[in-house]
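Visitor: got a structure for you, letters missing:
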């Protein structure tokens, strides 16, 4: 790949004024660094988009397959202003989001309850673990056609696909979380008079939450995938349907546009989740999960 | 070597020929303690010293009811231990306060688990937080406290349940030397029956002989693992004691020398075994 050279100026390193307090100089340097990072990020995006656009326009890559940023943008604008063939764009997003969220909630609830349950009750874990391993080894995305036959073209089949995709990562993390609880904490709770139920509710679940939360981030992505694939295979509304319609009319810009919209939705959902996590983990020392 | 008990008298804790064999993950069996005989009288402060990893902690888990002996008997108040008893308190070596609960909530945990109404539990917890000097830290989370402060939370968490039997597993070993001396003094003060009732019977496991002598009425020396009681030394230093000051008393030094002659040999055996295992 040959990237077009783009004129760019690196952030100049300003000489620091003498005799300024060292603390303020350091704060300034930190600010400077942050700005440089942001500028570099924007630059990377611009370079990629410009290179894509130029290569598509000059025929280096075939715009029929790869489309180009301006066309994708036009497509998004058109959908936003004039609606999609199946109705307004907002409606499509809402449908997909609704199916993904519903599937996610059911999948997470099932995964957490079963994960903690099996993590706590040795007997159940011993009985069920081979079956869970087998189910996990199945290519679950291949179940989506069956759900379509079972539940029809409505949201139910998409919710079901999202559930199967979400359940397993959440289950395994909850199970592991319940297993890895600090034995000292459990012993302490028991000495302090906690019943088994209390140990589960007030020691195992709180200490497993950080395990569970890591899986929640991944699993929301899976829920979206489940909903999209379901819609792609057959639906009346949704972004997945937009993808498949665009594909059928050889409108690659439409496919990419749908992907961009999905990415934005997923990022927003991720942001909400991070926000909830911060609220929930006030008890944790602040060094974890800064994401920078 | 069990001190003679007069008939019709019930000691607080009694171990009779107790052994504990663990099964290691590889399937081999590991004897932590064997043929353990030990008596703790009501209100007595007993320190258990022994080489590192000899099975001192196992003694405590047997008394607490967290583990059952493989052989022999463990009696608390004259009754065999079959599970966790409400009158037993346990202070762990590692941090065992709940990190997701605030300091106050940590201290209320015990009473709440035991069915005390919320308001009363909070009142008792605040009282104990005051006694350990953490009244103004009630709303903090454990990670916001220093190691010594967290230990104080653990003490308050245990004392708020009013234990008649107090088991302590190297509770101060993770603290720096100054904090440790301070905590020892505070422990003696709390134990000294500041709540009016009879003082708790304490079993305090440590590998620090100085700490053991400064705190205890009786020092039990364990053998190198598998541990059993080697010798019991009475400590007749006057109370109330201040650990920093008492260390310098000639009597203290004399007891130290006497016990070390017994303990030192076990430490040497353990060290040699470790060396041969490495070699």
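Guide: Received it, and whenever you're ready, just let me know what you need. Just so it is clear, the structure is predicted and the values come from calculations on it, not from any experiment.
Visitor: model confidence over the host helix or strand of residue B:264, on average?
Guide: Assigned by DSSP states H and E, residue B:264 belongs to helix B:250-278. For helix B:250-278, mean pLDDT is 87.
Visitor: residues of chain A that sit close to chain B?
Guide: Neighbours of chain B within chain A, by Cβ under 8 Å from any Cβ of the partner chain: A:182, A:184-185, A:187-195, A:198, A:202-203, A:206-207, A:282-285. Where C-beta positions appear, they are placed from N, C-alpha and C, glycine not excepted.
Visitor: got any ranges where the stretch 51-200 of chain A has weak pLDDT?
Guide: Scanning the stretch 51-200 of chain A for pLDDT under 70 picks out nothing.
Visitor: residue contacts, the most centrally placed residue in chain B?
Guide: By Cα atoms, centre = their mean, chain B has its centre lying nearest to residue B:168, at 2.0 Å. Residue B:168 is in contact with B:60, B:90-91, B:202-205, counting by Cβ atoms under 8 Å, 6 or more residues apart in numbering or on different chains.
Visitor: which of these are close to chain A?
Guide: Near chain A, taking Cβ under 8 Å from any Cβ as the test, the members of the contacts of residue B:168 found are residue B:90.
Visitor: so who does the nearest residue to residue A:194 once chain neighbours are set aside touch?
Guide: Nearest residue to residue A:194, sequence neighbours excluded (Cβ to Cβ, 6 or more residues apart in numbering or on different chains): residue B:113, at 4.5 Å. By Cβ under 8 Å, 6+ apart, the residues touching residue B:113 are A:189, A:192-195, A:198.
Visitor: what does residue B:40 give?
Guide: B:11-14, B:46, B:201-203.
Visitor: one more time with 6 Å, if that's ok
Guide: B:12-13, B:46, B:201 (Cβ atoms under 6 Å, 6 or more residues apart in numbering or on different chains).
Visitor: surely residue A:63 meets residue A:56?
Guide: Yes: counting by Cβ atoms under 6 Å, residue A:56 is a contact partner of residue A:63 at 4.3 Å.
Visitor: okay, these two: which has more neighbours?
Guide: More crowded of residue A:63 and residue A:56, by other Cβ atoms under 10 Å in any protein chain shown: residue A:56, with 20 against 16.
Visitor: what about the more buried one, distance to residue A:72?
Guide: Between residue A:56 and residue A:72 the distance, using Cβ to Cβ, to the nearest Å, works out to 11 Å.
Visitor: how about residue B:165?
Guide: Distance, residue B:165 to residue A:72, using Cβ to Cβ: 73 Å.
Visitor: try residue B:202
Guide: Distance, residue B:202 to residue A:72, by Cβ to Cβ: 74 Å.
Visitor: and the two? Which one has more around it.
Guide: Taking other Cβ under 10 Å, residue B:202 and residue A:72 do not tie; residue B:202 has more neighbours (26 against 21).
Visitor: quick one: pLDDT of that one?
Guide: We have a pLDDT of 94 for residue B:202.
Visitor: same question, the one 3 residues further on
Guide: The predicted structure scores residue B:205 at 94 on the pLDDT scale.
Visitor: how about the one 10 residues further on?
Guide: Model confidence at residue B:215, expressed as pLDDT, equals 93.
Visitor: what about it, neighbour count?
Guide: 26.
Visitor: kindly report the same for residue A:46.
Guide: Residue A:46 - counted by other Cβ under 10 Å - has 12 other residues nearby.
Visitor: which residues touch residue A:167?
Guide: Contacts of residue A:167 by Cβ under 6 Å, 6+ apart are A:107, A:110-111.
Visitor: hang on, isn't residue B:167 packed against residue B:203?
Guide: Yes: under the criterion of Cβ under 6 Å, residue B:167 makes contact with residue B:203 at 5.2 Å.
Visitor: okay, and the closest residue to residue A:85 other than its chain neighbours sits in which element?
Guide: Nearest non-adjacent residue to residue A:85, counting by Cβ to Cβ, 6+ apart: residue A:245, 6.1 Å away. In this structure, residue A:245 is located in helix A:239-248 according to DSSP H and E.
Visitor: check which helices and strands the helix or strand that that helix is followed by is in contact with.
Guide: Going down the chain from helix A:239-248, the next helix or strand is helix A:252-280, by DSSP H and E. Contact here means 3 or more Cβ pairs under 6 Å, 6 or more residues apart in numbering or on different chains; DSSP states H and E; on that basis helix A:252-280 packs against helix A:69-82, helix A:205-233, helix A:239-248.
Visitor: run the angle between the helix or strand just after the first one and helix A:205-233 for me.
Guide: Read it as helix A:69-82. Next along the chain after helix A:69-82, taking DSSP H and E as the criterion, comes helix A:89-120. Computed by axes from the mean of the first three to the mean of the last three Cα atoms, to 10 degrees, the angle separating helix A:89-120 from helix A:205-233 equals 140 degrees.
Visitor: flag the shaky bits of chain B, pLDDT-wise.
Guide: For chain B, the stretches flagged by pLDDT under 70 are B:1-8, B:193-197, B:277-279.
Visitor: got the residues of it near chain A?
Guide: Neighbours of chain A within chain B, by Cβ under 6 Å from any Cβ of the partner chain: B:66, B:84, B:90, B:92, B:94, B:96, B:99-100, B:109-110, B:113-114, B:141, B:143.
Visitor: residue ranges for the strands of the stretch 51-200 of chain B, please.
Guide: Remark: strands assigned in the stretch 51-200 of chain B by DSSP state E, counting those that start in this stretch are B:71-76, B:79-80, B:88-91, B:165-169.
Visitor: now do the domain split for chain B, please.
Guide: Following automatic domain parsing, chain B resolves into domains at B:13-87+B:163-267, B:97-162.
Visitor: indicate which one of the ones you listed is closest to residue A:79.
Guide: Shortest distance between residue A:79 and the domains of chain B, using Cβ to Cβ, is found for domain B:97-162: 45.2 Å.
Visitor: centre-most residue in chain A?
Guide: The geometric centre of chain A, computed from its C-alpha atoms, lies nearest to residue A:221 (Cα atoms, centre = their mean), at 3.5 Å.
Visitor: check the gap between the closest residue to that one other than its chain neighbours and residue A:71 for me.
Guide: In space, and not counting its chain neighbours, residue A:221 is closest to residue A:266: 6.1 Å by Cβ to Cβ, 6+ apart. Noted for residue A:266: a distance of 22 Å to residue A:71, by Cβ to Cβ.
Visitor: try residue A:274
Guide: Residue A:274 is 33 Å from residue A:71, by Cβ to Cβ.
Visitor: higher neighbour count, the two?
Guide: With neighbours defined as other Cβ under 10 Å, residue A:274 and residue A:71 compare such that residue A:71 has more, 18 against 14.
Visitor: nearest residue to the more buried one in space, please, no chain neighbours.
Guide: Residue A:71's closest residue in space is residue A:253 (Cβ to Cβ, 6+ apart), at 4.2 Å.
Visitor: how many neighbours does the one you found have?
Guide: 21.
Visitor: surely it meets residue A:66?
Guide: No: counting by Cβ under 6 Å, residue A:253 sits too far from residue A:66 to count as a contact (9.9 Å).
Visitor: one step back: ok, the residue nearest to the centre of chain B to residue B:92 distance?
Guide: For residue B:168, the distance to residue B:92 - Cβ to Cβ - is 9 Å.
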